[in-house]
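Trainee: Could you look at this predicted model? Sequence included:
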Amino acid sequence: MYTIYQALFVQSTSGQLAEMGGAVSVHKHEVQKFPQYHILGGDEKFHELKGEDERVELHKVQDPYLQYGGRYCDDPKNTSSFHYVEYDELPNFTSQHKSIMSKVLTPDLFRQLQNIKSSKGYTLSNAILTGVVTPHLGVGATAGDEECWELFKDLYYPIIKEWHGYDPTTQIQPIDLEPSKLRFTDEHRKLFNEFVVSTRIRAARNISGYSLPAGTTDEDRAGVEKVLKDAFNGLDGELQGTYYELGSLSAEQTAFLQERGFLFQIPSSRNLLTGAGAARSWPNNRGIFHNDAQTALAWVNEEDHCRIISMELGGDITSVFARFCKLSNALKESAEKNGTKLMWNEKLGFLGTCPSNLGTGLRASVMVRLPAFNKLMESENHEDKQLLEEVCAAYDLQPRGSAGEHSAAVGAKFDVSNKQRLGLSEVQLVQKMIDGVSKVITYEKLLSEGTPPADLRKKLEADMSKRAL
Ligand code: ADP
Ligand code: MG
């Protein structure tokens, strides 16, 4: 008898093997290309388990969903291909577990929260599942509905404090979606026009009353899609556009949207979505909306109910932020008109699935050309390689590659964005991005004019101590 995972593994290896049922073994080349192979421990594990015939007998393969403890349970949210795991005691965290959740969850806290269940049926086991079975994640906990943020706060709040440096027990999250308050001077505009290729602002929005993707039912997921479709239908002017159901997109349409960075990625076995149960019934009730100019976009039922995105070519951040605010307000009004509201509270701002995306949930990024910094990345000197990271960190910015997190900077293009999401308002975060990116560009110019990296570092230190005064 196979566990669900092994059955999947066998099926993906070969339909025939699954039908054979009995004792079967696999050769490395038959399984290497499957994502499951990597969750199971990849080459290292394969070598450990293989016999003299270079094959691994499947009964030796442990279900990765159970390898850190727990048992499959009769959860009403289960589907034919995904079963939630219940933990009767603290999971066996290993040195592979990188998440803050795995550090925060002590045996005492586990016992304290173990029997708590939200009215929509989300439990502590549900909340930690993705962090347990996907050990490399940084946060490692999810919420399955709005109520969870209060019920499991003894788990979430320390995670939030560690990740954002924000204390929800004493602080209040400001909200400010007033684009006219941005200070984007002629000097800023000149720098941005010269160096910035494109600008994007995104944030998460969720509809109150419906469970979140990690804990949702088919009914709630469809309900969310309906509320959002109605909201999109109500958009007018430059925001007017079309909603595409993910399941009905052709392969060409999907490729077109993904190449332009418009569409979310299909869930893999190694991301938060799958382990949290948020990829159940994929691709049903998922979709993407965009306006005719493809400058206002919305994702439906991926990690959050909705991710709103405003983007355009060039560096006109005021235009991108104004459109973002319009989209955010239109969604809020439309939800209210339909008798619902967005998930929001004073302590945590906009609520969603992952503790890393609370508050404003806002990431404002520019795709910026930085050839001189990029050249330093090839340097032998470790400090010089790190210079862009260092400059960005000094202004609370985060550099990414040209195709999203952990990608390379193709053509010396970097995605530079605000790092914080909580404790500051939308206007404040976008302003910090404008001011910080202007500094980064100024440093880029100095480097390209021949200033040595060591001198730049001194200048950065001086600038920081000036700010500290
Ligand atoms: P997020 O989690 O904020 O959505 P990711 O790092 O996952 O960001 O990137 C999502 C996609 O958006 C990627 O394809 C990335 O290249 C694209 N992207 C991010 N910032 C910009 C920008 N300023 N201009 C154009 N595309 C961008
Ligand atoms: Mg992302």
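Mentor: Right, received. Where do you want to start? Ligands and ions are numbered 1, 2, ... in the order given.

Trainee: and Met377, what does it touch?
Mentor: Applying Cβ atoms under 8 Å, 6 or more residues apart in numbering to Met377 gives the contacts Lys385, Leu388, Ala409. Quick note: C-beta positions are derived from backbone N, CA and C, even for glycine.

Trainee: Please apply the same query to Ser328.
Mentor: Leu177, Ala203, Arg205, Ile308.

Trainee: And the second one, how far from Ser438?
Mentor: Right, Ala203. Relative to Ser438, Ala203 is positioned 23 Å away (Cβ to Cβ, to the nearest Å).

Trainee: on that earlier part again, switch the contacts of Met377 over to a markdown table; also include pLDDT, distance to ligand 1 and secondary structure.
Mentor: Formatted as a markdown table, the contacts of Met377 follow (pLDDT from 0 to 100; distance: Cβ to the nearest ligand atom, whole Å; DSSP: H, G, I helix; E, B strand; the rest coil):
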| residue | pLDDT | distance to ligand 1 | secondary structure |
| --- | --- | --- | --- |
| Lys385 | 88 | 21 | helix |
| Leu388 | 95 | 16 | helix |
| Ala409 | 80 | 11 | coil |
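
Trainee: Of the residues you listed, just the buried ones, ChimeraX syntax please.
Mentor: Here is the ChimeraX selection string for the buried members of the contacts of Met377, based on 16 or more other Cβ atoms under 10 Å:
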select :385,388,409
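
Trainee: Now flag whichever of the contacts of Met377 is closest to Asp415.
Mentor: Closest approach to Asp415 among the contacts of Met377 (Cβ to Cβ): Ala409, at 8.5 Å.

Trainee: Leaving out chain neighbours, which residue sits closest to that closest one?
Mentor: Leaving aside its sequence neighbours, Ala409 sits nearest to Gly401 (Cβ to Cβ, 6 or more residues apart in numbering; 5.0 Å).

Trainee: give me the beta-bridge partners of the one you found?
Mentor: Beta-bridge partners of Gly401, counted by DSSP bridges, are Gly404.

Trainee: Ok, Glu86 next?
Mentor: Arg71.

Trainee: Pretty sure it sits against Ala127.
Mentor: No - in this structure Glu86 lies outside contact range of Ala127 using Cβ atoms under 8 Å: 11.8 Å.

Trainee: Which positions within stretch 442-450 qualify as buried?
Mentor: Those would be Tyr443, Glu444, Leu446, Leu447, for stretch 442-450 by 16+ other Cβ under 10 Å.

Trainee: Flag every residue of this structure that's near ligand 1.
Mentor: Counting by Cβ under 6 Å from any ligand atom, the residues of the chain close to ligand 1 are 198-200, 202, 261, 311, 363, 365-367, 400, 402-405, 415.

Trainee: What's the end-to-end length of stretch 62-76?
Mentor: Chord length of stretch 62-76, first to last residue, is 25 Å (Cα to Cα, to the nearest Å).

Trainee: Give me the mean pLDDT for that stretch.
Mentor: Mean pLDDT, computed over stretch 62-76, is 89.

Trainee: May I see the buried residues of that stretch?
Mentor: In terms of neighbour count (16+ other Cβ under 10 Å), stretch 62-76 has its buried residues at Asp63, Pro64, Tyr65, Gln67, Tyr68, Gly70, Tyr72, Asp75.

Trainee: picking that back up, ok, now how distant is the residue nearest to Ala409 from Asp415?
Mentor: Distance from Gly401 to Asp415, by Cβ to Cβ: 7 Å.

Trainee: likewise Phe82?
Mentor: 32 Å.

Trainee: Can you pick out the residue with more neighbours from the two?
Mentor: Between Phe82 and Asp415, counted using other Cβ atoms under 10 Å, the more crowded position is Asp415 (23 against 20).

Trainee: so the more buried one is in which element?
Mentor: In the assignment (DSSP states H and E), Asp415 maps to strand 413-418.

Trainee: Would you mind pulling up the elements that that strand packs against?
Mentor: Strand 413-418 is packed against strand 363-369, strand 397-400, helix 426-448, with contacts defined by 3 or more Cβ pairs under 8 Å, 6 or more residues apart in numbering; DSSP states H and E.

Trainee: now the angle from the lengthiest strand in the chain to helix 426-448?
Mentor: Ordering each strand of the chain by length in residues (DSSP state E) puts strand 196-205 first. Angle of strand 196-205 versus helix 426-448, following axes from the mean of the first three to the mean of the last three Cα atoms, to 10 degrees, is 150 degrees.
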